[in-house]
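>>> For reference, the sequence and a predicted model appear below.
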Amino acid sequence: MSKWYPKNGRVIFHVDMNSFYASVEMAYDPSLKTKAIAIAGNPEERRGIIVTSSYEARAKGVKTTMPLWQARRLCPELIVLPPNFERYRKMSRELFKIMAEITDLVQPVSIDEGYIDVTDCSHLGSPIEIASQLQQRLKAELDLPCSIGIAPNKFLAKMGSDMKKPMGITIIRKRELKDVLWPLDIGEMHGVGEKTKAKFNDQNIYTIQDLVDADPYLLKRVFGVNGVRLQQKAKGEDKRPVDPDAVFEFKSIGNSETLPEDTVEEATILGLLRKLSKKVSERLIRKEVVGQTVQLMIRYYDRKTITRSITLAKFLHQEQAIYQVAVDLFETHWNNEPIRLLGVTVQGLVDKSEIVEQLDLFHYQEMLKDEGLQRTIDQLTERYGKTTFKKLQSTTEQQPRTSFQKDFLDDYRTSK
Amino acid sequence: MKFTIQRDQLIDSLQHVMKAISPRVAIPILTGIKIEATKEGIKLTGSDSDISIESFIPVEEDGLVYVENIEPGAIVVQAKYFPDIIRKLPLKTIEIQTDDNYQMTILSGGSEFHLNGQDAEEYPHLPVLHTDNSFEIKHDLLKEMIKQTVFAVSTVETRPILTGVNMKVIDGKLNFVATDSHRLASRVLPLSEEQKHVNFESIVVPGKSLAELNKIIEENDETVTMSVSDNQILFQTKNIYFLSRLLDGNYPETDRLIPDQSKTVVKTKTKALLQAIDRASLLAKENRNNVVKLETKDQHLEISSNTPEVGQVTEDVVTESTEGESLKISFSAKYMIDALRIIEEEYVSIYFTGAMRPFVIRPDQNDQILQLILPVRTY
């Protein structure tokens, strides 16, 4: 037993890779080091925005989600690279492998960050020793910088990893909260976005301290349970365990895309809905899941955004089915104003193997097309085992090119 | 209006007409019960305009006097209060009278209720059924036919016609069919010589109407007269007049969807199979479709279910005979239980044509009953 570990309490790390994509590019091509680089989607088009940038670029004011042209104006020497997801994916796999050598209690939350519960790792040294060894290893073996937050729970660990970048290690102790955490602006708090921040400001809550002092009844009334939860977190209470299986539970899959220009052109809009449905469908199929709810997001020219969803009786994963529902939603809810961005998401996902489809008397014959094939597959599967057949996708193992970093967690999932 | 009535008879009749009364109706007066007194007896009426029920209490029956001191008249009273009052009155005999202001006085022992009513003239006239198309059928036979089919009607309105039971007369046989598109129940009744004159093409009676009718008709040897018109069906017993709207639209042609060949035939004890499926479904409940798997083995069936988070079960059922190809099929335990429950014969035969095709269940030595179930497809 070590004096460094609490008698009854936990020690949690939050490991956050510093400008991950840019760092990976620099690791691949060391000549990029010390240069201002940025990763941007579609450098040619209007919608090219900065996905991430190196600290050198950030020093010039380049920020994530900034349009490319604006970034170039701020930093003319900026080296812009297209994203290379396969590379990031591989690197992510490696870094979680290294984390898993410390303990099994690793919970990846995205491609480049994760929690580790080191409560029972006193045999490896003090928490700060473990953290700095991990940081050194990631730097030495993968050439990747990271920041680590050490705290008694996930929320504080996450706040900690954010405090010193790059290559920082920050310990947040409960008794220090009033000095290190509470003076911060409420918007700095993990879990408080712009909208919540504005709502807090309306209630005269500007710092985390204000939130700690706020009347719980008021919070409950204005923000619901989430308000109470945020206050508890601000007070340093967060009981969520580090759950290595949490990575198995993705609840939705969605894609969104900004149109080249704001439009009311229905053909363009439907075309994009078709494309998004296709992408979502591909991702669903790749993950072997199906979902019951389809959500459509419309962002108008004035940034006003609506999301509307419908839950169906049947599970779906096919492009055509998703597209039809998305179009239905669109036709019901579009107010005819110019649209800037559309998003299609399928929610309520379950593993394909868990669900069954009740056949219908009036339509079962349509399903009989591949009956013979299916029977042969069943017979051979019986003889040779489950892995004999795998459904191929018609497209050549195309990686979805957008958004959700959580896709990368699949690797972690299957490698386990 | 004035009369003295036996409480038990009134309660029975009220229970019948209440089946047709709904608190949510387009015409407000239909939330009430119409009470009419004539020299012959008391008539109660309830209606939600889809179903209308009249129940008659004769002055006397089998030498027992039910109603006395009748002064003819009529009134409509709130169905929300009237039945509860009657049920809780202290004596076996109740005295009811109304005044010119449509107020009803109810007297029994020491209790005295005054209940506001409405003019019976305001109550809609029940449609009169003009048809020669009627025939008689025994109470228990009609109840049996309803019970054997009505459970399979659809409970969702996505295809409204499927919420009804399809009745038709073909080749001197009366046929009831119900399907929610996932399973189908059919019962055929050969008509007797006296019944054969009846002729109606294909009508669809709301499943709800038949379920209520089944509750009202007593299980005995008496007969019900069924009369069919274009848009209504009437069931008449000695003291009950039950009128239901028919569903609009064409019922889908189901006969051609029922497979007439099979590749695997299994004959087994009805009870044993039912109980095995029922047990296997205990662990299937957790998973959303309540699905069990059936596999034919040499001279037995294996029924299994597996819900990873809960556990797994295997049931072995001995068969009388198993013929044809071996088969593995998954289906909803609930549909199978529903189907087997209405079969009274000791043995059933199940006719399979493949894992993705509907299968047919028939009781042994009885070709009047047919149950069909669509399997589920697993991924």
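Good, I have the coordinates. The structure displayed is predicted, hence computed values, not measured ones.
>>> hang on, isn't residue A:91 packed against residue A:27?
Yes - assessed by CB atoms under 8 Å, residue A:91 is found in contact with residue A:27 at 7.5 Å. Every C-beta, even on glycine, is put in place using the N, C-alpha and C of the backbone.
>>> Overlap of the contact sets of these two?
The overlap between the contact sets of residue A:91 and residue A:27 (CB atoms under 8 Å, 6 or more residues apart in numbering or on different chains) consists of A:142, A:144.
>>> Spell out which parts of chain B neighbour chain A.
Neighbours of chain A within chain B, by CB under 8 Å from any CB of the partner chain: B:179, B:181-184, B:252, B:254, B:257, B:287-289, B:291, B:328, B:330, B:332, B:354-358, B:372, B:374-379.
>>> Looking at residue A:91 and residue A:27, which is more packed in?
Using other CB atoms under 10 Å in any protein chain shown, the more surrounded residue of residue A:91 and residue A:27 is residue A:91, with 23 against 16.
>>> Can you classify that one as helix, strand or coil?
helix (DSSP: H, G, I helix; E, B strand; the rest coil).
>>> Residue A:50 too?
Judged by three-state DSSP, the three-state class of residue A:50 is strand.
>>> just checking, it touches residue A:63?
Yes - the pair residue A:50 and residue A:63 qualifies as a contact (CB under 8 Å) at a distance of 6.7 Å.
>>> and the gap between the residue nearest to residue B:48 when sequence neighbours are not counted and residue A:62?
The shortest distance from residue B:48 to any non-neighbouring residue, by CB to CB, 6 or more residues apart in numbering or on different chains, is to residue B:22 (4.3 Å). According to CB to CB, to the nearest Å, residue B:22 and residue A:62 sit 67 Å apart.
>>> Residue B:365 too?
Going from residue B:365 to residue A:62 by CB to CB gives 85 Å.
>>> that older thread, need the overlap of contacts for residue A:50 and residue A:63.
Counting by CB under 8 Å, 6+ apart, the common neighbours of residue A:50 and residue A:63 are residue A:71.
>>> Comparing these two, which shows the higher neighbour count?
Using other CB under 10 Å as the criterion, residue A:50 and residue A:63 rank with residue A:50 on top: 22 against 15.
>>> Mind naming the longest helix for chain A?
Counting by DSSP state H, the longest helix found in chain A is helix A:266-287.
>>> Tell me how far the next helix or strand after it lies from the chain's centre.
Using DSSP states H and E, the next helix or strand after helix A:266-287 towards the C-terminus is strand A:289-300. Centroid separation for strand A:289-300 versus its chain: 17 Å, with CA atoms, centre = their mean, to the nearest Å.
>>> Just the CA coordinates for strand A:289-300, please, in PDB.
Output in PDB follows, covering the C-alpha atoms of strand A:289-300 (Å, rounded to 0.1, in the frame of the first residue of the first chain):
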ATOM      1  CA  VAL A 289     -26.100  -2.800 -36.200                       C
ATOM      2  CA  VAL A 290     -29.600  -1.700 -37.000                       C
ATOM      3  CA  GLY A 291     -31.600   1.200 -35.600                       C
ATOM      4  CA  GLN A 292     -35.200   2.200 -35.000                       C
ATOM      5  CA  THR A 293     -35.100   6.000 -35.000                       C
ATOM      6  CA  VAL A 294     -34.100   8.300 -37.800                       C
ATOM      7  CA  GLN A 295     -33.300  11.900 -37.000                       C
ATOM      8  CA  LEU A 296     -33.000  14.700 -39.500                       C
ATOM      9  CA  MET A 297     -31.100  17.900 -38.700                       C
ATOM     10  CA  ILE A 298     -31.600  21.000 -40.700                       C
ATOM     11  CA  ARG A 299     -29.500  24.100 -40.300                       C
ATOM     12  CA  TYR A 300     -30.800  27.100 -42.100                       C
END
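>>> Direction included, what does it pair up with?
strand A:305-316 (antiparallel), strand A:339-347 (antiparallel), strand A:350-351 (antiparallel) (DSSP bridges).
>>> so that strand versus helix A:266-287, what angle?
Orientation check (axes from the mean of the first three to the mean of the last three CA atoms, to 10 degrees): strand A:289-300 against helix A:266-287 gives 150 degrees.
>>> coming back round to it: roughly how far apart are the residue nearest to residue B:48 and residue B:14?
Going from residue B:22 to residue B:14 by CB to CB gives 15 Å.
>>> Please apply the same query to residue B:205.
24 Å.
>>> which helices and strands sit right next to the one helix or strand residue B:11 maps to?
Under the criterion of DSSP H and E, residue B:11 resides in helix B:7-18. If you count contacts as 3 or more CB pairs under 8 Å, 6 or more residues apart in numbering or on different chains; DSSP states H and E, helix B:7-18 packs onto strand B:32-38, strand B:41-47, strand B:51-58, helix B:82-88, strand B:93-98.
>>> and residue B:5, what is it in contact with?
With CB under 8 Å, 6+ apart, residue B:5 has these contacts: B:42, B:57, B:66, B:67, B:68, B:93, B:94, B:96.
>>> So which of those is the closest to residue A:236?
residue B:94 (71.7 Å; CB to CB).
>>> wait, that closest one sits on residue B:104?
No - with contact defined as CB under 8 Å, residue B:94 does not count as touching residue B:104 (11.3 Å).
>>> Tell me who's in contact with the closest residue to residue A:309 other than its chain neighbours.
Closest residue in space to residue A:309, ignoring its immediate chain neighbours: residue A:295 at 3.7 Å, by CB to CB, 6+ apart. Neighbouring residues of residue A:295 by CB under 8 Å, 6+ apart: A:252, A:254, A:307, A:308, A:309, A:329, A:343, A:344, A:345, A:346, A:347.
>>> Could you turn the buried ones of these into a PyMOL selection?
In PyMOL, a selection of the buried entries from those looks like this (16 or more other CB atoms under 10 Å in any protein chain shown):
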select buried, chain A and resi 252+254+309+329+343+344+345+346
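>>> Serialize the contacts of residue A:295 to CSV and add fields for pLDDT and distance to residue B:164.
Formatted as CSV, the contacts of residue A:295 follow (pLDDT from 0 to 100; distance: CB to CB, whole Å):
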residue, pLDDT, distance to residue B:164
A:252, 82, 39
A:254, 88, 41
A:307, 87, 39
A:308, 90, 34
A:309, 88, 33
A:329, 93, 32
A:343, 93, 42
A:344, 94, 38
A:345, 92, 39
A:346, 92, 35
A:347, 86, 35
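>>> what sits against the residue nearest to residue B:48?
Contacts for residue B:22 (CB under 8 Å, 6+ apart) come out as B:30, B:31, B:48.
>>> what's the neighbour count on the second one?
Residue crowding around residue B:31 was assessed by other CB under 10 Å; the count is 17.
>>> so it makes contact with residue B:18?
No - look at residue B:31 against residue B:18 with CB under 8 Å: they stay out of range, at 11.3 Å.
>>> For these two, list the residues in contact with both.
Common neighbours of residue B:31 and residue B:18 are listed as residue B:79 (criterion: CB under 8 Å, 6+ apart).
>>> residues contacting residue A:64?
Here residue A:64 is in contact with A:50, A:51, A:52, A:53 (CB under 8 Å, 6+ apart).
>>> oh sorry, the question was meant for residue A:362
Residue A:362 sits next to B:181, B:252, B:257 when contact means CB under 8 Å, 6+ apart.
>>> repeat for residue B:107
Residue B:107 makes contact with B:94, B:95, B:96, B:113 under the criterion CB under 8 Å, 6+ apart.
>>> all strands for the stretch 51-200 of chain B, in order.
B:51-58, B:60-61, B:64-65, B:67-71, B:73-78, B:93-98, B:103-108, B:111-118, B:134-138, B:164-170, B:173-179, B:183-190 (DSSP state E, counting those that start in this stretch).
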